[in-house]
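J.: I'd like to go over a predicted model; first the sequence, then the structure.
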Amino acid sequence: MSDTIDYGNLMHTAMRGLIQKVLLDVAKAGLPGQHHFFITFDTTHPEVELADWLADRFPEDMTIVMQHWFDNLDVTDDGFSVTLNFGDQPEAMYIPYDAIRTFVDPSVEFGLRFETQDEDDEEETEEAHDLTEVGLEEIAPIAEDVEPDETPQDAEVVSLDSFRK
């Protein structure tokens, strides 16, 4: 057993599970309402399957849009395959969840970002698992607006003693 809890990997696993669940629902019922996805992924990941001309055009990463037209969405435990239209040319691709860098649904202002550590950063131990690296960097600006001694005006303090038996 390890001396620490690896919150970074646990959070990444949970976020990838969320993406899988959303894509499974879309595969079954289609995109609801105005929902659509921007998915950026690492094209150099060894399990990514992509047409050669797309891999040449996007040698490091690529962002796909799943909105008006997509076909053959097949979601598995490890990733998903989908056929997208590139200039009236349908292209099938496979994207493992481990290759995803960002998953964004702009219709509801929702997004996930997967950060990776560079090899140079391996020397850092405790600082390596801050919130930014588990994709929660968007939460930080909310917390920066509140001074430590401020209490929100509509907050109410409730004693837990009233719920004890």
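T.: Ah, there it is.
J.: From one end of stretch 31-46 to the other, what's the distance?
T.: Using CA to CA, to the nearest Å, the end-to-end distance of stretch 31-46 comes to 29 Å.
J.: Check what contacts that stretch and list those residues.
T.: With CB atoms under 8 Å, 6 or more residues apart in numbering as the test, stretch 31-46 has contacts from 48, 50, 54-55, 58-68, 95-96, 98-108. Quick note: C-beta positions are derived from backbone N, CA and C, even for glycine.
J.: Inside strands: which ones of those residues?
T.: Those of the contacts of stretch 31-46 mapping onto strands are 61-66, 95-96, 100-105, per DSSP state E.
J.: Narrow those to just the buried residues.
T.: Of the members of these, the ones counted as buried by neighbours, 16 or more other CB atoms under 10 Å, are M62, I64, M66, I95, P96, I100, R101, T102, F103, V104, D105.
J.: wait, which of these is closest to L73?
T.: The closest of those to L73 turns out to be M66 (CB to CB; 7.9 Å).
J.: tell me which residues form a beta bridge with the closest one?
T.: Beta-bridge pairing for M66 (DSSP bridges): F37.
J.: H35: neighbouring residues, count only.
T.: 16 (other CB atoms under 10 Å).
J.: let's have the chain start at 380 instead
T.: Okay, using 380 as the starting number, the last item reads as H414.
J.: What strand or helix carries it?
T.: Using DSSP states H and E, H414 sits in no helix or strand.
J.: now it: how far from E488?
T.: In this view, H414 and E488 are 12 Å apart by CB to CB, to the nearest Å.
J.: ok so, going back, redo the ones in strands among the contacts of stretch 410-425 as TSV? Include pLDDT and distance to S381.
T.: As requested, these are exported to TSV (pLDDT from 0 to 100; distance: CB to CB, whole Å):
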residue	pLDDT	distance to S381
D440	94	31
M441	94	35
T442	94	35
I443	93	36
V444	92	39
M445	91	37
I474	96	30
P475	96	25
I479	95	26
R480	94	26
T481	94	29
F482	95	28
V483	93	32
D484	93	34
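J.: Show me the two of those that sit farthest apart.
T.: Farthest pair in the ones in strands among the contacts of stretch 410-425, by CB to CB: P475 and D484, 20.0 Å.
J.: And the strands in this protein?
T.: Under DSSP E, the chain gives strands at 416-421, 440-445, 449-454, 458-464, 469-475, 479-484, 489-492.
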